[in-house]
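Asks: structural data only, the sequence is not supplied:
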């Protein structure tokens with residue numbers, strides 16, 4: 001027995017010796033990323049430590065082997081996913097995800113629910129979106145669908161109303177597109193009903209191909225979702241149809257204008273990925289998906305190097321199940337890639353906060369006030385005293401959104417001074433403009 005115990009101890013020692021030590025670059029990246037994770041968690045203005053992200057994770061635990069998992073591509077039932085935003089966050093928590101971006105197609109409607117669930121499950125939420133666009137070839141004149149991911153700071157996009165108007169047009173086009181797909185299926189002797197598709201999509205959700213595929217499966221016209229796409233709904237397929245998608249360059253420029261990080265989604269699905277990346281880089285593209293659950297795709301990693309783009313990736317989780325779906329948190333993003341992402345994103349997100357606050361200063365309306373509170377309302381208002389001016393609201397927001405260095409700037413000081421003359425009233429969860 002003693003000999004067996006010695007052997008086990010030797011094996012343990014050998015195993016622990018196999019762990020790779022962090023390089024200086026990796027250690028610096030880890031510190032940078034974790035510093036961002038804890039923004040707001042030590043703020044004295046927070047009324048309770050129960051909101052602190054640091055409760056469940058800290059730098060020392062990461063160095064001891066705990067994984068810091070970012071999931072940067074996921075969908076809820078606010079677009080074509082199967083889970084509600086809160087259930088998606090819960091599943092991400094169960095899979096060890098620490099940072100989740102909800103990137104629903106052409107809508108940010110699920111973000112407030114995801115952020116609220118994120119506080120319960122100690123997951124940091126990056127407000128995101130996946131915008132449906134078209135890319136036109138200048139040589140052949142042909143078009144192909146291109147999806148652009150946008151990542152925003154906790155405060156959300158600047159000029160939210162302009163972005164939402166842009167997205168509404170795409171969503172309206174999805175209804176037209178969905179009806180066209182059903183008509184094409186009917187002409188192919190597949191008697192699918194439009195009401196079946198809208199029932200699956202749910203109230204106020206713009207239907208997509210996944211909803212049509214699910215209706216086909218429920219009605220027994222295909223054996224599985226994969227067959228629905230391979231047989232009818234794939235790009236250029238017999239029942240495929242486009243909607244009113246904008247051009248890809250237009251979407252990238254709007255993402256940049258509203259303070260987002262623009263990233264090309266699943267470039268491996270494109271016919272002309274080199275041309276797309278080259279043109280979109282000129283429009284302001286920040287990054288490209290390079291990492292998948294099965295590893296890094298070298299061809300796109302090299303293109304990212306060529307065009308000085310961020311290298312990111314995510315599972316593109318929809319919750320449909322099956323062997324062909326990557327799980328939440330299954331993409332291994334290097335710490336240095338995450339640091340690069342935040343180095344690009346954080347200054348943009350900081351400028352977006354300034355723009356949102358300035359819009360409220362220029363026009364102190366309840367609409368502009370709601371844009372400040374839109375994605376992080378519960379945390380902003382938690383334990384608030386009776387605010388009397390915009391400066392007090394701004395101080396609260398900056399304390400939970402930015403580091404002390406980020407919020408110490410002449411621009412913010414000037415805004416704080418001017419907002420001290422903008423009256424607001426607060427009563428628990430109700431905040432309005434005026435005396």
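Replies: Structure's in. What do you need? Everything numeric in this text was worked out from a predicted model, so none of it was measured.

Asks: from here on, contacts and neighbour counts on C-alpha atoms
Replies: Fine.

Asks: max-length strand in the protein?
Replies: Ranked by number of residues, the top strand in the chain under DSSP state E is strand 124-136.

Asks: quick check: next helix or strand after that one?
Replies: The element immediately downstream of strand 124-136 (helix or strand, assigned by DSSP states H and E) is strand 143-151.

Asks: what angle separates the next helix or strand after that following strand from strand 124-136?
Replies: Per DSSP H and E, the first helix or strand lying C-terminal to strand 143-151 is helix 160-187. Calculated by axes from the mean of the first three to the mean of the last three C-alpha atoms, to 10 degrees, helix 160-187 forms an angle of 60 degrees with strand 124-136.

Asks: that older thread, give me the helices and strands touching the longest strand of the chain, please.
Replies: Helices and strands touching strand 124-136, by 3 or more C-alpha pairs under 8 Å, 6 or more residues apart in numbering; DSSP states H and E, are strand 97-102, helix 111-121, strand 143-151, helix 248-257.

Asks: tell me what angle it forms with helix 248-257.
Replies: Using the same axes, to 10 degrees, the inter-axis angle of strand 124-136 relative to helix 248-257 is 150 degrees.

Asks: now strand 124-136: average pLDDT?
Replies: For strand 124-136, mean pLDDT rounds to 96.

Asks: stretch 250-258 too?
Replies: On average, stretch 250-258 scores 98.

Asks: how far out from the middle of the chain is it?
Replies: 15 Å (C-alpha atoms, centre = their mean, to the nearest Å).

Asks: give me the contacts around it.
Replies: 131, 133, 148, 150, 157-160, 163, 261-262, 280, 283-285, 352 (C-alpha atoms under 8 Å, 6 or more residues apart in numbering).

Asks: which of those ranks first by neighbour count?
Replies: residue 157 (32 neighbours; other C-alpha atoms under 10 Å).

Asks: so how far is residue 243 from that residue?
Replies: Residue 157 is 25 Å from residue 243, where distance means C-alpha to C-alpha, to the nearest Å.

Asks: tell me the most buried of the helices and strands packed on strand 124-136?
Replies: strand 97-102 (a mean of 25; mean count of other C-alpha atoms under 10 Å).

Asks: ok, residues contacting it?
Replies: By C-alpha under 8 Å, 6+ apart, strand 97-102 touches 68-76, 85, 89, 92, 110-111, 114, 122-129, 151, 328-329.

Asks: ok, 6 Å please
Replies: 69-72, 74-75, 123-128, 329 (C-alpha atoms under 6 Å, 6 or more residues apart in numbering).

Asks: so which of those residues wins on neighbours?
Replies: residue 128 (30 neighbours).

Asks: residue 238: which of the contacts of strand 97-102 is nearest?
Replies: Of all the contacts of strand 97-102, residue 238 sits closest to residue 75, with 25.9 Å by C-alpha to C-alpha.

Asks: what sits against that closest one?
Replies: Residue 75 sits next to 81, 102, 103, 104, 318 when contact means C-alpha under 6 Å, 6+ apart.

Asks: how big is the angle separating the helix or strand harbouring residue 31 from strand 97-102?
Replies: Using DSSP H and E, residue 31 maps to helix 24-37. Relative orientation of helix 24-37 versus strand 97-102 (the same axes, to 10 degrees): 70 degrees.

Asks: list the helices and strands helix 24-37 packs on?
Replies: Contacts defined by 3 or more C-alpha pairs under 6 Å, 6 or more residues apart in numbering; DSSP states H and E place helix 24-37 against helix 335-362.

Asks: mind redoing it with 8 Å?
Replies: helix 59-63, helix 335-362.

Asks: any idea which of the ones you listed is most buried?
Replies: Using mean count of other C-alpha under 10 Å, helix 335-362 ranks as the most buried of the helices and strands packed on helix 24-37, with a mean of 19.

Asks: what mean pLDDT does it get?
Replies: Here helix 335-362 scores 97 as its mean pLDDT.

Asks: likewise stretch 275-289?
Replies: On average, stretch 275-289 scores 97.

Asks: now the terminal residues of that stretch, how far apart.
Replies: Distance between the boundary residues of stretch 275-289 (C-alpha to C-alpha) amounts to 16 Å.

Asks: show me what counts as buried in that stretch.
Replies: In terms of neighbour count (16 or more other C-alpha atoms under 10 Å), stretch 275-289 has its buried residues at 276, 277, 280, 281, 283, 284, 285, 286, 287, 288, 289.

Asks: and what of stretch 161-179?
Replies: Going by neighbour count (16+ other C-alpha under 10 Å), the buried part of stretch 161-179 is 163, 166, 167, 170, 171, 173, 174, 175, 176, 177, 178, 179.

Asks: and the pLDDT at the fifth one?
Replies: Looking at residue 171, its pLDDT is 95.

Asks: contact partners for it?
Replies: By C-alpha under 8 Å, 6+ apart, the neighbours of residue 171 are 106, 206.

Asks: and residue 320, what pLDDT?
Replies: The score at residue 320 is 87. That number is its pLDDT.

Asks: that one contacts residue 77, correct?
Replies: No. Taking C-alpha atoms under 8 Å as the definition, residue 320 is not a contact partner of residue 77, at 10.8 Å.

Asks: distance of the closest residue to residue 267 other than its chain neighbours from residue 150?
Replies: Spatially, and ignoring its direct neighbours in sequence, residue 267 is nearest to residue 273 (6.0 Å; C-alpha to C-alpha, 6 or more residues apart in numbering). Going from residue 273 to residue 150 by C-alpha to C-alpha gives 19 Å.

Asks: residue 355 contacts residue 158, correct?
Replies: Yes. Shown here, residue 355 and residue 158 form a contact pair, counting by C-alpha under 8 Å, at 5.9 Å.

Asks: got any ranges where this structure has weak pLDDT?
Replies: 1-20, 41-66, 140, 383-385, 428, 435 (pLDDT under 70).

Asks: residue 306: which of the contacts of strand 97-102 is nearest?
Replies: Of those, the one sitting nearest to residue 306 (C-alpha to C-alpha) turns out to be residue 72, at 22.8 Å.

Asks: any idea how far that closest one lies from residue 108?
Replies: 15 Å.

Asks: do the same with residue 373
Replies: Residue 373 is 14 Å from residue 108, where distance means C-alpha to C-alpha.

Asks: and for residue 387?
Replies: Counting by C-alpha to C-alpha, the gap from residue 387 to residue 108 is 28 Å.

Asks: tell me which of those two has more neighbours.
Replies: It is residue 108, of residue 387 and residue 108, that has more neighbours when counted by other C-alpha under 10 Å, with 20 against 15.
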